[in-house]
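> got a predicted model here, sequence first, then my questions.
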Amino acid sequence: MAGQIKRVRSWARGVARRIRTDRGMTTSEYAVGTIAACALAAVLYKVVTSPPVMAALQSILTDALDAKV
């Protein structure tokens with residue numbers, strides 16, 4: 001039983017060591033991530049400001065504000 005516990009602890013230390021060696025994103029990864037986030041934001045903005053979506057949102061808000069309790 002003690003041998004199994006030592007093996008598990010050794011395995012856990014090895015996993016923790018491998019996780020800690022990841023130092024984060026590099027500058028190029030930040031740049032690609034930022035460009036992707038901006039592109040997604042632009043697409044979402046276009047979708048939300050399109051006339052059909054605006055009409056649906058306005059309808060939902062009007063129904064919510066006119067609700068009788």
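All right, it came through fine.
> packing partners of the longest helix along the chain?
Counting residues, the longest helix in the chain under DSSP state H turns out to be helix 27-48. Helices and strands touching helix 27-48, as assessed by 3 or more C-beta pairs under 8 Å, 6 or more residues apart in numbering; DSSP states H and E, comprise helix 51-65. In short, each C-beta sits where N, CA and C put it, glycine included.
> so what does the helix it packs on touch, helix or strand wise?
Using 3+ C-beta pairs under 8 Å, 6+ apart: helix 51-65 touches helix 27-48.
> go with 7 Å
In terms of contacts (3 or more C-beta pairs under 7 Å, 6 or more residues apart in numbering; DSSP states H and E), helix 51-65 is packed against no helix or strand at all.
> now that helix: buried residues?
Neighbour counts over helix 51-65 (16 or more other C-beta atoms under 10 Å) mark no residue as buried.
> what's the helix or strand for residue 4?
Element membership for residue 4 (DSSP states H and E) is helix 2-20.
> need the contact partners of that helix.
Outside helix 2-20, no residue is within contact range by C-beta atoms under 7 Å, 6 or more residues apart in numbering.
> quick one: the longest helix of the chain to helix 51-65, angle?
70 degrees (axes from the mean of the first three to the mean of the last three C-alpha atoms, to 10 degrees).
> contacting residues for residue 32?
With C-beta under 7 Å, 6+ apart, residue 32 has no contacts at all.
> residue nearest the centroid of the protein?
residue 37 (10.4 Å; C-alpha atoms, centre = their mean).
> contacts only, for that one.
By C-beta under 7 Å, 6+ apart, residue 37 lies in contact with nothing.
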